[in-house]
Structure formats: C-alpha cells, structure tokens
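Asker: what's the 3D shape of this:
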Amino acid sequence: MGRLWQAAANEPAPAGDGGPDWPDRVMASVRALGPLPAASPQRIRLWAPAAALAASLAILAAWYAVNDLHANVMAPEMFLNDPAGMTFVRLLAEP
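Answerer: Predicted coordinates:
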C-alpha cells in the first residue's frame, strides 16, 4: 500500500476538474506500480488455527450455555427461595 501513497504524492495536483485526460493519467500511474505483492503463505496459514480456535470457543460457549448455565442458575435460586433450608441441605450433603 505504501507504493500507492507514493504514487499519489508524486502525481501533480490537477487544476480544476483535471482535464479530459485525467482518467488516462490515473491509469498510467496505477499501471506503473506493477503487480502488488501477494499475501505470504505464512499469513494464510495463520487463519486456519485461528478459525479452529474460534469455532472451538463458540462450541464450548454454546455447550456451557445449554448444559451448565442451568445448574448455575438453579443453586442461587434455591438459596434465595429458602436460605435456611438450603444451608441445612448443603451441610448434610458435604462430607
């Protein structure tokens, strides 16, 4: 991207609307840049593990929301409904 900025900085500013041949001058500047470098294979290889990690975290979050979240909500609800009874049951259940 740096070469694009340099080409734009070196191009003289057009007077008024740029004249009738301004598209030709712009295209000539773009063609003078040549092909831009392709993305490195290392950068592309980075996306596969990142996508796998993101998918694993999404699956883990969905599994937790479906299975464990209910238990984490039920225990405080039982305590708030009957604090003394819940405390007594907890004391009996612990070894």
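
Asker: Could I get the full set of strands for the protein?
Answerer: Applying DSSP state E to the chain gives no strands.

Asker: domains of it?
Answerer: Per automatic domain parsing, the structural domains of the chain span 2-33, 41-93.

Asker: Lowest average pLDDT across these?
Answerer: Ranked by mean pLDDT, the domains of the chain bottom out at domain 2-33, with a mean of 72.

Asker: Any idea how many residues pack against Leu46?
Answerer: Look at Leu46: counted by other CB atoms under 10 Å, it has 11 neighbours. Using the backbone N, CA and C atoms, a C-beta is placed for each residue, glycine as well.

Asker: Against Ala58, how distant is it?
Answerer: Distance, Leu46 to Ala58, by CB to CB, to the nearest Å: 19 Å.

Asker: Repeat that for Thr87.
Answerer: Going from Thr87 to Ala58 by CB to CB gives 38 Å.

Asker: now the helices for the protein?
Answerer: 2-10, 22-33, 41-81, 83-93 (DSSP state H).

Asker: buried set for the second one?
Answerer: Neighbour-count burial for helix 22-33, with 16 or more other CB atoms under 10 Å as criterion, is recorded at no position.

Asker: Can you name every helix or strand that it contacts?
Answerer: Helix 22-33 is packed against helix 2-10, with contacts defined by 3 or more CB pairs under 8 Å, 6 or more residues apart in numbering; DSSP states H and E.
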